[in-house]
Structure formats: structure tokens, C-alpha cells
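In: After the sequence you'll find the predicted model.
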Amino acid sequence: MITRRSTAAITAALSWPVFFLLRTNVLNQDGNMLTPKLERDVPLLGAHLSHDELLELFLHSKVWEYTHRWWGWSVVFSYQVVSCTAGAVFIYVLLRLSSRLAPGRTGLFLSGVLSGAYMQLFFGDVENYTVTAAIAAVYVLASWRFLSRESPLWMPAAALATAICFHLEAACLLPSALYLAIVSRSRTGNLREATGGAIVGGGIIALVFLAFHVYGLPLWRFFSSHAGHALRGSGVFAIGMPREYYVDQVRLLLWLCPAALLLLPFAIQLRSSADEGSRFLAVGAVSMLVFQAVWLAANGVFDDWNLYAIGGLFIALCVWRYAAAAASTRAMQLAAAVLAVAGALNTYTWIIANHAAVR
């Protein structure tokens with residue numbers, strides 16, 4: 001079990017070359033469109049920007065601007081380096097989380113979480129979800145520290161607000177933040193701490209959006225973003241799709257997170273549990289499941305796998321914590337290990353195949 005920060009940091013640093021050496025050579029439609037967008041907008045405007053993925057695009061724009069100027073890097077290569085770096089951050093946070101979420105069976109928990117296909121995000125995926133995914137993991141760690149009475153509520157609020165500024169998809173986790181506020185109220189008997197957390201989180205989001213309004217991304221352009229279309233109920237929801245679409249979504253969920261099969265027994269166990277951590281993770285997992293069910297995969301379900309990858313990651317943290325705790329016998333531990341191995345074989349075969357593909 002890794003408990004020391006230095007050990008976690010060294011392990012995370014050693015994971016970076018693994019991510020980089022096996023980086024993907026497969027880009028979806030959106031990934032292929034990023035090169036002309038950044039090459040057009042960065043010289044003219046300083047960055048390619050959208051309210052949907054504000055800080056993700058700004059970070060990638062600036063990384064490419066400087067690395068291209070200094071070393072001649074392409075847009076794709078600069079994205080891949082950032083993706084792998086986000087992966088190393090995720091590994092560090094996951095190792096810090098593992099001793100908290102599954103202190104008795106840390107190895108089983110880690111094996112399970114690392115077996116999901118969402119891990120492709122960190123193997124050089126050229127899209128705007130990688131840094132957000134790492135920050136979402138930081139949000140879980142900050143929330144767990146709050147639930148353990150080690151830190152104030154404003155810290156997970158700040159982490160989630162930062163994730164939202166990187167990609168608005170992270171706003172789907174707001175119900176889990178509301179649950180933290182409910183826990184705070186039950187402990188203190190008032191909403192003072194929850195109000196402070198809301199002010200911190202809301203302030204971060206407001207300041208970032210205002211700063212970019214001044215930078216050159218007017219606030220009214222929000223209504224032309226995907227999020228703006230969602231507010232108008234226009235073209236972003238999976239309503240009236242054929243049956244095959246929803247079948248593919250279930251297949252994608254099991255691909256991203258094979259342990260989603262354990263959601264039903266977890267839900268049954270949760271009904272009789274007063275564990276605040278389990279309920280926090282359950283609220284976040286359900287929120288991300290709803291997102292996958294209602295948000296349209298415009299590029300096709302499997303080509304848009306990375307759109308739902310953060311949800312798969314959050315669900316994995318939830319169910320593998322349950323699986324590690326429930327595996328109290330040799331037979332149950334073996335069954336959980338088989339599920340982890342099966343998922344890992346599928347995931348890393350796919351990652352290697354994507355690396356071997358010729359762009």
C-alpha cells in the first residue's frame with residue numbers, strides 16, 4: 001500500500017514514459033479538427049477558445065504555441081504530451097486515494113480502477129477531456145478529505161469549479177457537491193460552510209469567464225456553445241434515437257468500465273449503508289450515468305467514447321471501492337480479480353492497437 005506522498009510522486013513520474021511510449025495514433029473527428037483550428041486561431045487571437053472547454057483549449061493552445069515556436073511541435077504531439085502529463089497527475093491522485101477508499105485491499109482497488117478503457121485518455125488522447133479527468137480525481141480526493149474532517153468544504157468546491165472551467169462536462173458532478181453541502185449542514189446545523197464553498201466555487205467560475213470575456217471570448221458567445229444549445233434544448237440531447245443507439249451506449253459503458261456490472265449489488269448494499277463516502281461516490285456516478293444517457297454522441301457512440309470517459313472513471317472509483325470492501329472471502333476476491341484482469345486485457349489490447357495504428 002502506497003501511503004507516502006514521495007512514493008506516490010515517484011510512481012506517477014515513472015508512469016509518464018509508459019503513457020507516452022504507448023500514445024495513441026488514432027484520432028476521432030474532433031481530434032482531427034483541432035489542428036486547423038489551433039493553427040488558425042492561435043496566431044490571430046492568441047488561443048482557440050470555446051466556453052464548453054475553456055481552460056482545456058486555452059492550455060492546449062498555449063502549450064502548442066510555445067512548443068511549436070521553440071521545438072517545432074505539431075498540435076497533435078503537444079496534445080499528446082499534455083495528455084500523458086495529466087495521466088501522471090491522475091496516477092499520483094489515484095495512489096493517494098487508494099489508501100483512503102480501499103485501505104484493506106488497495107491492490108485489488110487499483111487493479112480494478114486501472115482496468116477501465118477510460119485509461120486511453122491518458123495515453124496521448126487528442127481531445128479536451130484529459131486535464132479535466134485528472135482534476136475530477138483531485139476533486140474526489142479533496143471531497144474525501146472533507147468527509148474525513150481533514151479539510152474545509154471550500155477545497156472540494158474549488159477543485160470542482162476548476163474542473164468546470166476546464167470543461168463544462170464536470171458540472172454534471174454538481175449534485176455530488178450538493179451532497180457535500182448537505183453533509184456539512186448535518187454536522188454544523190447551519191449553511192455557513194456550504195455558503196462559503198458556493199462562494200469560492202462560483203467565484204472561481206465567474207472570474208475565469210469574466211477574464212476570458214476581457215481576453216476576447218464574449219460572454220454572449222456562451223449561447224452558441226454546446227452548453228448554450230443544451231439550455232435551449234436544441235440538438236444535443238439523445239431523444240428519440242433508435243434502439244441500437246442505446247444498446248451501443250450500454251456496450252460503451254461496459255467497455256469503459258466493465259465493473260459497471262456491479263452497480264446493481266452496490267445500489268442494494270447502499271440502501272442499508274450510512275457511509276457518507278459511498279453515498280458521495282454514488283451521487284457522482286449516477287450523475288455521470290444520466291449524462292451518458294441523455295447527451296448525444298454526435299460523432300457516433302464509439303467515436304465519442306472520450307466524451308463519456310470521465311463518467312466511466314467516476315463509476316469505477318465507486319464500484320471498485322465497493323468491490324474491494326465486499327471481497328471478504330477468497331472466492332469473492334478471485335471473482336473481482338478475474339473481472340479486473342478481463343477488463344485490463346480488453347483495455348490494454350485496445351491501447352496497444354491504437355498505438356500500433358498508422359495515422
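Out: Sure, I can see it. Numbers count the residues shown, from 1 in each chain.
In: Could I get the average pLDDT for stretch 109-128?
Out: The pLDDT scores in stretch 109-128 average 96.
In: got the CA positions of it in PDB?
Out: Output in PDB follows, covering the C-alpha atoms of stretch 109-128 (Å, rounded to 0.1, in the frame of the first residue of the first chain):
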ATOM      1  CA  PHE A 109      -8.900  -1.500  -5.900                       C
ATOM      2  CA  LEU A 110      -6.000  -0.100  -8.000                       C
ATOM      3  CA  SER A 111      -6.100  -3.100 -10.400                       C
ATOM      4  CA  GLY A 112      -9.800  -2.600 -10.900                       C
ATOM      5  CA  VAL A 113      -9.700   1.200 -11.500                       C
ATOM      6  CA  LEU A 114      -6.700   0.900 -13.900                       C
ATOM      7  CA  SER A 115      -8.500  -1.800 -15.900                       C
ATOM      8  CA  GLY A 116     -11.100   0.500 -17.500                       C
ATOM      9  CA  ALA A 117     -10.900   1.700 -21.100                       C
ATOM     10  CA  TYR A 118     -11.200   5.300 -20.000                       C
ATOM     11  CA  MET A 119      -7.400   5.000 -19.300                       C
ATOM     12  CA  GLN A 120      -6.900   5.600 -23.000                       C
ATOM     13  CA  LEU A 121      -7.500   9.300 -22.200                       C
ATOM     14  CA  PHE A 122      -4.000   9.400 -20.700                       C
ATOM     15  CA  PHE A 123      -2.200   7.600 -23.500                       C
ATOM     16  CA  GLY A 124      -1.900  10.600 -25.700                       C
ATOM     17  CA  ASP A 125      -5.600  11.200 -26.500                       C
ATOM     18  CA  VAL A 126      -6.000  14.200 -28.700                       C
ATOM     19  CA  GLU A 127      -9.200  15.700 -27.200                       C
ATOM     20  CA  ASN A 128     -10.300  18.100 -24.500                       C
END
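In: Run a quick neighbour tally on the nearest residue to residue 101 once chain neighbours are set aside.
Out: Nearest residue to residue 101, sequence neighbours excluded (CB to CB, 6 or more residues apart in numbering): residue 321, at 4.5 Å. Backbone N, C-alpha and C define where each C-beta goes, glycine included. For residue 321, the neighbour count with other CB atoms under 10 Å is 24.
In: any idea of the pLDDT on residue 321?
Out: pLDDT, read off for residue 321, is 93.
In: likewise the one 5 residues further on?
Out: Reading off the confidence values, residue 326 has pLDDT 86.
In: Okay, and the nearest residue to it once chain neighbours are set aside sits in which element?
Out: Leaving aside its sequence neighbours, residue 326 sits nearest to residue 332 (CB to CB, 6+ apart; 6.4 Å). Secondary structure from DSSP states H and E places residue 332 in helix 330-356.
In: Run through the neighbouring helices and strands of that helix.
Out: In terms of contacts (3 or more CB pairs under 8 Å, 6 or more residues apart in numbering; DSSP states H and E), helix 330-356 is packed against helix 106-113, helix 309-326.
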